[in-house]
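S.K.: Predicted model and sequence follow; I will ask about them next.
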Amino acid sequence: MYTLGVLFFVFALLLSVMLHEFGHFLTAKRFGMKASRFFVGFGPTLWSFRRGETEYGVKAIPAGGFVKIVGMTELEEVDPGDENRSFYRFPAPQRLVVLAAGSFVHFLIAIVLLFIVIATTGDILNAEPTLTIDSVSKCLPLDPNATKCTSKDPVAPAFGKIKAGDRIVAIDGQPVTTYDAAKARINASPGTPITVTVRRHGTTVDLQLTPLATKQNGKTVGRIGISPTQRQKPVSVAGAVPRTFTTIGEMMAQTGRALGDIPHEVSQIVHGQHRSAEGAASVVDIARVSGQIAQAKASFGERLANLVAIVAQLNFFVGVFNLLPLLPLDGGHIGIVLFEQARRRVYRLLGRGDPGRVDLLKVMPFTYAVVVVFIGLSLLLLYAGIVNPISIQ
């Protein structure tokens, strides 16, 4: 199942990239621009065919794809007869649509996938704990700020007694219907023996436990070392529509935080520190997490929903990232077009002639610097994904 999860992510990633390029291709053709090539992959051509003026095909390296639109910049050499269909000859609004089409496709993919997940399995960002036990800790750290146990920490009271998959039905003979109710009863009994009744394989089992007295938010509470299974809150099909767009807004905030936190993430990687699942990740990390989700102890529907949600989040992030106003990203080209239009209007107001297009040769050094930074960051994240991977287990 792990391998299937990885393959699912790889296939979804390649398909998303191809749909991104198809967005550019479709809008360019719609406006009458000449798209001469549309290929899956990079490197040597394995197979291709020509239909009309466009060559379609597959290349040897399955790392995305590309569409070739004639005359994307004035630096490109254009064949005689194609001048009037060159990209840079078309009106600015049409060029902006073509440039933004790739990110628009990513956003559309994210919206559609999120709606399907939320309408079929529930709210993916608002899970609630259930009375079914997901895992049992071997020990409990005495330090309230610690995330791992030391040799001095005591064994968790539930260890060896409660098992993953057990469902709590009562405490001290009193039925409980929510995990929060069960947790409140346990927290209120530090150092006091209690009877926890669980349902295990259709049989009721009474277990005698003594919650360990621990400090939590300045108070002494009882803990036994269990973690509940999370269930996504059910949402109706009608309710899934607004919740989808609310989730998109939350993703936007998460993406902004992730982009702003990249310098900190780089520092953590360089110093070999623990990497958060909420931070920057490479395709290796995401593929590994996809594999872990595929083999998790959950229903097929839940695992599939989580995998689809990851693809939706990835598409949204790529869509936002691609719109950053940096060359060679689409956002950089959009910025150039907008700058040219703004400068042209200012010159017109001042009674001066059209200043023409931006001299791309002057911005190429900055473009090369951005490319170097992107390559360096990608290699660093790839390295971290191998030697210090993100894990959800």
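M.R.: Right, received. Where do you want to start?
S.K.: I'd like to check which residues are in contact with the closest residue to His274 other than its chain neighbours.
M.R.: Excluding its sequence neighbours, the residue lying closest to His274 (Cβ to Cβ, 6 or more residues apart in numbering) is Gln268, at 7.5 Å. The way it works is simple: take the backbone N, C-alpha and C, and place the C-beta from them, glycine included. Gln268 makes contacts with His274, Arg275, Gly279, as judged by Cβ atoms under 8 Å, 6 or more residues apart in numbering.
S.K.: from these, which is closest to Val346?
M.R.: Gly279 (41.4 Å; Cβ to Cβ).
S.K.: how many neighbours does the closest one have?
M.R.: Neighbour count for Gly279, taken as other Cβ atoms under 10 Å: 18.
S.K.: in the helix or strand Val370 falls within, what's buried?
M.R.: If you go by DSSP states H and E, Val370 is part of helix 360-387. By 16 or more other Cβ atoms under 10 Å, the buried positions in helix 360-387 come out as Val370, Leu377, Leu380, Leu381, Ala384, Gly385.
S.K.: now stretch 97-113
M.R.: Residues 97-103, 105-107, 109-111, 113 are the ones in stretch 97-113 that count as buried (16+ other Cβ under 10 Å).
S.K.: Same question for stretch 251-259.
M.R.: Under 16+ other Cβ under 10 Å, the buried positions of stretch 251-259 are Met251, Thr255, Ala258.
S.K.: Ok, stretch 25-44 next?
M.R.: In stretch 25-44, residues buried by neighbour count (16+ other Cβ under 10 Å) are Phe25, Thr27, Ala28, Lys29, Met33, Lys34, Ala35, Arg37, Phe38, Phe39, Val40, Gly41.
S.K.: How about stretch 308-327?
M.R.: 308-323, 326-327.
S.K.: Kindly indicate which of the contacts of Gln268 lies nearest Gly65.
M.R.: Gly279 (28.1 Å).
S.K.: So which of the contacts of Gln268 are in helices?
M.R.: Using DSSP state H, no member of these sits in helices.
S.K.: Let me know the closest of those residues to Leu19.
M.R.: Gly279 (26.6 Å).
S.K.: what's the first-to-last distance across stretch 156-168?
M.R.: With Cα to Cα, to the nearest Å as the measure, the first residue of stretch 156-168 is 17 Å from its last.
S.K.: what separates that stretch from the chain centre, distance-wise?
M.R.: Here stretch 156-168 shows a centroid-to-chain-centroid distance of 33 Å under the convention Cα atoms, centre = their mean, to the nearest Å.
S.K.: got a list of contacts for it?
M.R.: So stretch 156-168 is in contact with 130-140, 176, 179, 182, 196-200, 205, 207, 209-212, 223-226, 297, going by Cβ under 8 Å, 6+ apart.
S.K.: What segments of the protein are helices?
M.R.: Using DSSP H, helices in the chain cover 2-31, 92-121, 179-187, 237-260, 262-270, 283-294, 300-322, 330-349, 360-387.
S.K.: How about Ile109: what's its closest non-neighbour residue?
M.R.: Asn315 (4.5 Å).
S.K.: hmm, back to that, any idea how far the residue nearest to His274 is from Val40?
M.R.: Distance of Gln268 to Val40, given as Cβ to Cβ, to the nearest Å: 36 Å.
S.K.: ok, now Asp330?
M.R.: Between Asp330 and Val40 the distance, using Cβ to Cβ, works out to 19 Å.
S.K.: and if you look at Ala119?
M.R.: 31 Å.
S.K.: Would you format the buried residues of helix 360-387 as JSON lines with pLDDT included?
M.R.: Shown next, in JSON lines, are the buried residues of helix 360-387 (pLDDT from 0 to 100):
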{"residue": "Val370", "pLDDT": "88"}
{"residue": "Leu377", "pLDDT": "85"}
{"residue": "Leu380", "pLDDT": "84"}
{"residue": "Leu381", "pLDDT": "81"}
{"residue": "Ala384", "pLDDT": "79"}
{"residue": "Gly385", "pLDDT": "79"}
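S.K.: okay, now the domains of the chain?
M.R.: The record, using automatic domain parsing to delimit domains, assigns the chain the ranges 1-34+70-122+235-393, 127-233.
S.K.: Off-centre distance for the first one?
M.R.: Using Cα atoms, centre = their mean, the distance from the centre of domain 1-34+70-122+235-393 to the centre of the chain it belongs to is 11 Å.
S.K.: Distance of the residue nearest to His274 relative to Gly81?
M.R.: Separation of Gln268 from Gly81 (Cβ to Cβ): 55 Å.
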